[in-house]
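task: produce atomic coordinates for the following.
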Amino acid sequence: MSLLKKKASCAPAILETAHEKAIKTLKLLTANMIGGDVPLQHIIDYYAEPTRENVIIMILRCKKMYEARIEVKRIIKLLIIQHNALQEV
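Here you go, the predicted model:
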């Protein structure tokens with residue numbers, strides 16, 4: 001991502017590829033985490049053009065979704081541990 005920020009212009013093919021991968025990643029993570037795609041479709045429509053700025057924003061959104069996924073897993077694990085501890089009492 002820092003490479004995209006540093007370069008004044010990127011090759012359109014590279015931007016297109018990164019844009020497509022970001023859309024696929026967001027769709028997959030959204031489907032796994034929240035099951036609905038209404039907010040996701042707004043994001044995809046808003047950043048539909050594969051410009052350097054749009055690709056950077058979409059990659060940042062992918063990063064945030066991955067971080068949220070990690071947090072959700074951590075919370076679920078803690079809930080399971082708590083539930084098991086209560087069952088033992």
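
and the pLDDT at the spatially most central residue of the chain?
Residue closest to the mean C-alpha point of the chain, counted by C-alpha atoms, centre = their mean, is Cys62 at 2.4 Å. Cys62 is assigned 88 on the pLDDT scale.

what of the one 3 residues further on?
Looking at Met65, its pLDDT stands at 85.

residues contacting it?
25-26, 29-30, 33 (C-beta atoms under 8 Å, 6 or more residues apart in numbering). Placement of C-beta: from N, CA and C, glycine included.

make it 6 Å
Leu29 (C-beta atoms under 6 Å, 6 or more residues apart in numbering).

distance of it relative to Met58?
10 Å (C-beta to C-beta, to the nearest Å).

next: Ile44.
9 Å.

more neighbours: which of these two?
Met58 (23 against 16; other C-beta atoms under 10 Å).

just the buried residues of the longest helix along the chain, please?
Counting by DSSP state H, the longest helix found in the chain is helix 52-88. Across helix 52-88, burial judged by 16 or more other C-beta atoms under 10 Å covers 52, 54-56, 58-59, 61-62, 65.

show me the contact partners of stretch 41-50.
Here stretch 41-50 has contacts from 15-16, 19, 23, 54, 57-58, using C-beta under 6 Å, 6+ apart.
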